[in-house]
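Any chance you could fold what I've pasted below:
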Amino acid sequence: MNEFGDRSKFEKLTTGCFPSDEVESWEFTAIAAKLTNGIGVYRPVGDDHLKIFLVINDLVDNAVAKKIKDRYVQCSKHEYRRAAFVCTHLNQANPVGFNEAFETYEGMSLGEEDDFQAWCDECEKVRELADGWDEQSIAFANIKVVCEMCYFELKAINLGHFCFCGFSLFFSTNLKSTLRRFESN
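Next up, the predicted model:
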């Protein structure tokens with residue numbers, strides 16, 4: 001947009017923020033659609049003070065849209081996030097170990113067929129005795145769906161990491177006992 005503004009000597013496309021009305025906003029959206037080979041434009045109805053104008057660059061058919069939607073879950077704490085699968089024993093009160101299908105980290109991209117999956121140490125023992133996941137080990141795990149943010153909170157707690165002000169801190173056993181002594185004084 002900046003390059004087009006420079007070439008066209010259209011100052012508003014090069015200056016950043018400026019007051020505008022809805023008609024002019026539609027004009028800017030049309031320019032953006034033209035420059036990006038957009039196939040359409042859209043403005044969701046919402047707040048009277050902030051109007052959002054979107055350029056549509058690609059269509060997704062219903063089957064693809066359903067597949068994408070099925071990967072997400074509505075969380076009462078974190079809103080709409082990618083789904084994750086955990087055993088029913090993982091909790092935020094008592095650490096019970098944390099085993100994953102593969103090493104994960106927050107914000108990682110997953111392949112189309114990948115999901116965040118974790119289970120506690122007891123589920124791992126049952127799974128190992130069965131030489132993998134079978135009907136009995138799956139029944140014992142009683143898998144539940146959580147959002148990816150809840151997944152990483154469970155991971156931090158069950159691995160002995162505690163989140164504080166956005167930073168993950170590892171508390172060793174000695175530090176935990178020191179903190180308990182400090183709190184009791």
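
Let me know how buried F152 is, in neighbour terms.
F152: 21 surrounding residues under other CB atoms under 10 Å. Glycine gets a C-beta too; all of them are placed from N, C-alpha and C.

Mind telling me what element it is part of?
For F152, the element it lies in under DSSP states H and E is helix 148-158.

What of V23?
Per DSSP H and E: helix 22-35 holds V23.

so where do the helices sit in this protein?
For the chain, the helices defined by DSSP state H occupy 2-8, 12-15, 22-35, 62-70, 121-129, 135-141, 148-158, 173-184.

Comparing those, which comes out most buried?
Comparing the helices of the chain by mean neighbour count (mean count of other CB atoms under 10 Å), helix 148-158 comes out on top with a mean of 21.

sorry, back to before: show me what the helix holding V23 is packed against.
With contacts taken as 3 or more CB pairs under 8 Å, 6 or more residues apart in numbering; DSSP states H and E, helix 22-35 sits against helix 12-15, strand 40-42, strand 54-56.

Each with direction, which strands does the second one pair with?
Put plainly, it is strand 40-42. The strands that strand 40-42 pairs with in its sheet are strand 54-56 (antiparallel) (by DSSP bridges).

State the mean pLDDT of the partner strand.
What strand 54-56 shows for mean pLDDT is 91.

Same check on stretch 151-169?
On average, stretch 151-169 scores 71.

show me what contacts the most centrally placed residue in the chain?
The residue lying closest to the centre of the chain (CA atoms, centre = their mean) is R81, at 4.8 Å. With contacts taken as CB atoms under 8 Å, 6 or more residues apart in numbering, R81 has the following neighbours: 72-73, 75, 147-149.

what are the bridge partners for it, then?
Beta-bridge pairing of R81 under DSSP bridges involves V73.

And the one 5 residues further on, by the same measure?
Judged by DSSP bridges, the bridge partners of V86 are A118, K144.

isn't it right up against L154?
Yes: under the criterion of CB atoms under 8 Å, V86 makes contact with L154 at 6.2 Å.

Tell me how far the helix holding V23 lies from the chain's centre.
Helix 22-35 sits 31 Å away from the centroid of its parent chain (CA atoms, centre = their mean, to the nearest Å).

Output it as PDB, restricted to C-alpha atoms.
C-alpha atoms of helix 22-35 as PDB (Å, rounded to 0.1, in the frame of the first residue of the first chain):
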ATOM      1  CA  GLU A  22     -16.900   5.000   6.000                       C
ATOM      2  CA  VAL A  23     -17.000   6.000   2.400                       C
ATOM      3  CA  GLU A  24     -13.200   6.700   2.300                       C
ATOM      4  CA  SER A  25     -12.600   3.400   4.200                       C
ATOM      5  CA  TRP A  26     -14.500   1.500   1.500                       C
ATOM      6  CA  GLU A  27     -12.300   3.200  -1.100                       C
ATOM      7  CA  PHE A  28      -9.100   2.100   0.800                       C
ATOM      8  CA  THR A  29     -10.500  -1.400   1.000                       C
ATOM      9  CA  ALA A  30     -11.100  -1.400  -2.700                       C
ATOM     10  CA  ILE A  31      -7.500  -0.300  -3.400                       C
ATOM     11  CA  ALA A  32      -6.200  -3.000  -1.000                       C
ATOM     12  CA  ALA A  33      -8.400  -5.600  -2.800                       C
ATOM     13  CA  LYS A  34      -7.000  -4.500  -6.200                       C
ATOM     14  CA  LEU A  35      -3.400  -4.600  -5.000                       C
END
